[in-house]
Structure formats: structure tokens, C-alpha cells
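Engineer: Predicted structure and sequence below. I'll ask about it afterward.
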Amino acid sequence: MAFRRKTEAHLATSVPATAQEVDAHVPPSLRIAGAYSWRLLLVAGVVGVVIFVISQLKDIVVPFMIAILVAALLVPLVQFLVRHRWPKPLAVALAMIGTIAIVSTLIFVIVAQIRSGYPDLQVRSVKAYDQFKEFLATSPLHLDDAQIQGYIDQAFATFQKDSQVLISGALSVGTTAGHVLAGLLLVLFATLFILIDGKGIWAWIVRLFPRRSRPALDGSGRAGWVTLTTFVKVQIFVAAVDAIGIGAGSWILGWVSGLGFPLVIPIAIAVFLGSFIPVVGAVLTGAIAVFVALIYLGPFWALIMVGIVLLVQQVEGHILQPLVMGSAVKVHPLAVVFAVAAGSFLAGIPGALFAVPVIAVANVMVKYIAAGQWKTNPNPKAKDVLPDA
């Protein structure tokens, strides 16, 4: 009533109510909600602009982020060699050449093994498909060739539609051989310069910001780098466990069945590489082992192979991820699942690959700045960022 009388008095004198008088009669909860709302909208707008810019520059951003992940793995090696009195150029050269040699060897082994085993796999696949059609025709379903082909075409169309995001994400790495080569060169050059002068590059980036914000930004970046290096090392360990588990399981299955299990090494390498995409990578690559078991050994052994893949995934999900990866990135497993799903939706395979490290680094940087640690701990170490380390 008081507000109404005061408003009427202002109207009578043709003097509008001031903003302070209006705000005084707005409930505090509504003022707080409004303050949060416009700030959240501003943050969402900035995030949207950043995502749009990244999507337009994906041919540059994706190789650069790959280079950061590779450098996060190689920088500790270079520092170790330098501490043991290796010249830094020689240490950088050894790290780069060793990495290229290892990756090239893995690719060569995969290509050679698949090339040698492909003809037999093709023949057995056709034979298994014919047996499967014969089984469906004589089963109570009584499906003829036309019906079977119709179901296969429908399943293929559904898969093609649902996988469009992943396929477009994979193509974002390079739609042509030229793009792939350019991306590879960008990765090599970016990794090389990060190894040579990573601190200088980061110092230049920090100097772009206002002077008062530089200590907080510099400290948060160092904390994020500690988390990233730990994530990469732990992810390699988790991927190796997945590869050894599924590869050894495939070999044992072939030995027990007495029929042998071909392509064990390419399957293990594929699982190792696929495991760098959390949650879904090892499952999708493990499906290759199930397919090979189905073609060469039969449905019974394929079901056992499914059990082996699921067992390895359970060990990873309930032991390695909570105990090892959880302490490395400090991100809840549920957040990991949603981050991978969102990354896949936005950027396909590259989005799924970078989702967890981006979330982990952002989480550590925000906590570091919000807690004011840059005032007392400007150069954080692993024990500060990762208390369990």
C-alpha cells in the first residue's frame, strides 16, 4: 500500500519513481535470480561464440589440441632427459623421433596383419553369412532372401543415420588427403615448438591479459597442465590394460577352442587406440574381436568373447576408472559420460576424444582461481592439484 501511495503521489506530481525506489520493493530472491540469470546468459553467449569459432577453425583447432595431448606426454620425458644432462635439442629430437617411430610401427603392424588375413576373413564372412541366411530360412521365422535383405538394408540405413555425427566428426580431421597431411604437419610442428619453448609460449599468452589477472591465470594454467599430463599418462595405462585384456582373451579363446584366433595383434592395437575415447572407445573396438570370433569360431565362442570384452570393461569401469582415472582428473564418472556424449554430439570423434581432458583441466583451473590459491601457491605441483598423488 505504501508503494502504491508513493507511486500515485509521483504520478500526481509528474515525477517518476526512481530505480532505487522500485528496486527496494522487488523481493530479494527475485533480484538475486535476475542477477544470476543475466550473468548465466552472458556466460552461455560467450561459450556459444567460442564453440562457433572453434567449429569454423576445426581444421586448425583439432591438430593443435592433438599436439597439446602429445606434448603433455612428451614434456616430462624431455625434462627427465634434460635433468640427466642431455642437451635439450637432443632430448626433444629423441622424444619426437621415438614417438613417430612407435606410431608408425603400430600402423605398419595393423596394415600388414589385416592385409595378410583379409582374403581368408572375406571368404569366411561370406560363408558365415550364407549359413546365417540358411538358418533363418529353416527356422520358425521362415525368412526368405528378400525379407532378409530388406531387414539388412533397414538396419544399415538406421546405422548410417545415427552415425552421421561421428562420421562428420571423423571427416573434420581432414576431408581429403591434403587436409590429413596438413593436419599431421600442424601436429608435428605444434608439438615440436611446445617441447622447445612451451613456457615461453604460455608466458606470451599470459601477457595478453590485464596485469592484475596474470598471476591467477598463470597459476591456473600450471595447475591445468599438471592435470593434463597426469590424465595422458593414466589414459595410456588404462588403454594398455584394455588392449592386453581383450588381446589375451582373444588368444586364449582361440587356444581353448583349438581353432585359433586370427588378427589378435591388430585387435589389441585397435583396442589400445580406441580406449583413448572414454566409455565407448574400447567397447566399439572390442566389437571387432566379437565379430572375428563369430566368423572363425562360431556363435558359442562369440558369446564367450562378448563376456571377455564386458569383463575387461567392468574392470576398467569399477577399478581403473574410480581408483586411477578418478584421482587423475577429479571428475565424477557421471560427468565423464555426459561430457563424452556432449562432445560426440558437437564434434563427433574429436569431441569425444577431447571432452574429458577439457572438462578436467577447466575444473582444476576454475577451482584454483575460485579458492584464491594463486595468492599462496603460484607454482602448483602434482601434490597440490591432485591430493591423492
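Structural biologist: Looks like it came in fine.
Engineer: Which pLDDT does the model give Lys58?
Structural biologist: With respect to pLDDT, Lys58 scores 78.
Engineer: ok, it to Ala282 distance?
Structural biologist: Plainly put, Lys58 is 25 Å away from Ala282 if you go by Cβ to Cβ, to the nearest Å. Just so you know, the C-beta spots here come from the backbone N, C-alpha and C atoms, and that holds for glycine as well.
Engineer: More neighbours: those two, which one.
Structural biologist: Each of Lys58 and Ala282 has its neighbours counted (other Cβ atoms under 10 Å); Ala282 has more, 29 against 18.
Engineer: correct me, but the more buried one touches Phe276?
Structural biologist: No - using Cβ atoms under 8 Å, Ala282 is not in contact with Phe276, being 9.4 Å away.
Engineer: Mutual contacts of these two, please.
Structural biologist: Ala239 (Cβ atoms under 8 Å, 6 or more residues apart in numbering).
Engineer: helix or strand right after the lowest-mean-pLDDT helix or strand in the chain?
Structural biologist: Lowest on mean pLDDT, DSSP states H and E among the helices and strands of the chain sits helix 164-172, with a mean of 48. Going down the chain from helix 164-172, the next helix or strand is helix 177-207, by DSSP states H and E.
Engineer: Can you give me the buried ones in that following helix?
Structural biologist: 183, 186-188, 190-192, 194-195, 198, 202 (16 or more other Cβ atoms under 10 Å).
Engineer: any low-confidence regions in the stretch 251-389 of the chain?
Structural biologist: For the stretch 251-389 of the chain, the stretches flagged by pLDDT under 70 are 278-280, 317-330, 333, 381-389.
Engineer: Helices of that one, start to end?
Structural biologist: 264-274, 281-296, 299-315, 326-329, 333-370, 373-376, 382-385 (DSSP state H, counting those that start in this stretch).
Engineer: Quantify the burial of Pro27 by counting its neighbouring residues.
Structural biologist: So Pro27, with other Cβ under 10 Å, has 8 neighbours.
Engineer: How about the one 10 residues further on?
Structural biologist: The tally of other residues near Ser37 (other Cβ under 10 Å) stands at 10.
Engineer: Ok, Pro378 next?
Structural biologist: By other Cβ under 10 Å, the residues close to Pro378 number 12.
Engineer: Correct me if wrong: it contacts Pro215.
Structural biologist: Yes - look at Pro378 against Pro215 with Cβ under 8 Å: they come within range, at 6.1 Å.
Engineer: if we can go back for a sec, for Val126, which of the helices of the stretch 251-389 of the chain is the nearest?
Structural biologist: Val126 sits nearest to helix 281-296 of all these, at 9.8 Å, using Cβ to Cβ.
Engineer: gap between the closest one and the chain center?
Structural biologist: Helix 281-296 has its C-alpha centroid displaced from the chain centroid by 21 Å (Cα atoms, centre = their mean, to the nearest Å).
Engineer: Show me what that helix is packed up against.
Structural biologist: Applying 3 or more Cβ pairs under 8 Å, 6 or more residues apart in numbering; DSSP states H and E, one finds that helix 281-296 contacts helix 88-138, helix 214-257, helix 264-274, helix 299-315.
Engineer: Where does pLDDT dip in the stretch 51-200 of the chain?
Structural biologist: Residues of the stretch 51-200 of the chain that meet the cut-off, pLDDT under 70, sit at 129-153, 155-179.
Engineer: contacting residues around Pro262?
Structural biologist: 117, 120-121, 254, 292, 296.
Engineer: can you list the residues that contact stretch 358-372?
Structural biologist: With Cβ under 8 Å, 6+ apart as the test, stretch 358-372 has contacts from 216-217, 219-221, 223-228, 231, 328-331, 335-336, 339, 343, 374, 380, 385.
Engineer: Narrow those to just the buried residues.
Structural biologist: Neighbour counting over these (16+ other Cβ under 10 Å) leaves 216-217, 219-221, 223-228, 231, 328-331, 336, 339, 343, 374, 380, 385 as the buried ones.
Engineer: wait, what's in contact with Thr229?
Structural biologist: Contacts of Thr229 by Cβ under 8 Å, 6+ apart are 72-73, 75-76.
Engineer: if we go to 6 Å?
Structural biologist: Neighbouring residues of Thr229 by Cβ atoms under 6 Å, 6 or more residues apart in numbering: Ala72.
Engineer: circling back to that earlier point, Throw the buried residues of helix 177-207 into a markdown table and include distance to Val238, thanks.
Structural biologist: Conversion of the buried residues of helix 177-207 to a markdown table gives the following (distance: Cβ to Cβ, whole Å):
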| residue | distance to Val238 |
| --- | --- |
| Gly183 | 26 |
| Leu186 | 27 |
| Val187 | 23 |
| Leu188 | 26 |
| Ala190 | 25 |
| Thr191 | 22 |
| Leu192 | 27 |
| Ile194 | 24 |
| Leu195 | 24 |
| Gly198 | 25 |
| Trp202 | 28 |
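Engineer: Considering the residues you listed, which is situated nearest to Ala35?
Structural biologist: Nearest to Ala35 out of these is Trp202 (Cβ to Cβ; 34.0 Å).
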